[in-house]
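# Generate coordinates for the sequence data below:
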Amino acid sequence: MEKLKKRKKDPLFAGFLSFFLVGLGQFYNKDWLKGIVFLCGSVSIGILLIILIVLAILAPGEIGISTLVLIASAPFLVWGYSIIEAARRAKAINEGKEDAFPLLALILIELVLLISLCLIIEMVILHPPDLKRAKILRRL
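Numbering: from 1, shown residues only. Model (predicted):
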């Protein structure tokens with residue numbers, strides 16, 4: 001019986017999928033765990049960012065702009081790396097190479113998540129904003 005030929009993966013299409021949804025290119029490449037890591041990481045950072053933005057609106061001046069910029073850049077870093085990784089992996093699949101997902105990259109993604117979480121905990125729990133001074137709440 002003739003061995004079935006594996007279907008080639010299109011690196012451009014894999015990157016294109018990850019452009020529209022973080023982790024989708026990894027799912028296309030059947031790298032389920034990586035897809036879940038990228039998707040969950042991006043969603044987690046996004047939720048943390050929304051919390052920070054709401055706090056910045058409710059209590060202006062309590063959350064520094066540098067903190068917002070740092071947290072706001074994190075989802076874009078994960079998104080960009082997801083695109084690059086999906087295209088790189090599709091090319092490696094076509095060449096018959098084993099998955100060599102850089103451990104350093106996974107550690108960096110988790111480090112960004114951990115730093116984001118620590119910043120949120122520090123700002124919200126250890127040093128909560130003074131909502132009594134919030135102009136928006138005084139108007140209500």
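# Can you give me the buried ones in the helix or strand where Ala86 lies?
Element membership for Ala86, per DSSP states H and E: helix 65-94. For helix 65-94, burial by neighbour count (16 or more other CB atoms under 10 Å) applies to 67, 71, 74-75, 78-79, 81-83, 85-93. C-beta: built from backbone N, CA, C; applies to glycine.
# which strands and helices sit next to it?
helix 11-20, helix 24-28, helix 32-58, helix 103-120 (3 or more CB pairs under 8 Å, 6 or more residues apart in numbering; DSSP states H and E).
# who's in contact with the closest residue to Ser44 other than its chain neighbours?
In space, and not counting its chain neighbours, Ser44 is closest to Leu113: 5.9 Å by CB to CB, 6 or more residues apart in numbering. By CB atoms under 8 Å, 6 or more residues apart in numbering, the contact set of Leu113 is Gly41, Ser44, Ile45, Ala74.
# Please report the distance of the third one from Ile71.
If I follow you right, that is Ile45. The gap separating Ile45 from Ile71 is 7 Å, by CB to CB, to the nearest Å.
# Can you tell me which of the helices and strands packed on helix 65-94 is most buried?
helix 24-28 (a mean of 23; mean count of other CB atoms under 10 Å).
# which helices and strands sit right next to that helix?
Going by 3+ CB pairs under 8 Å, 6+ apart, helix 24-28 lies up against helix 11-20, helix 32-58, helix 65-94.
# Select, out of those helices, the one closest to Leu119.
Taking CB to CB, helix 65-94 is the member of these nearest to Leu119, at 6.1 Å.
# check contacts around Tyr28.
Lys9, Phe13, Ala14, Leu17, Ala86, Ala90.
# so where's this protein shaky on pLDDT?
For the chain, applying pLDDT under 70 flags the ranges 1-6, 60-64, 67, 99-107, 109, 116, 120-121, 123-140.
# Done for today, thanks.
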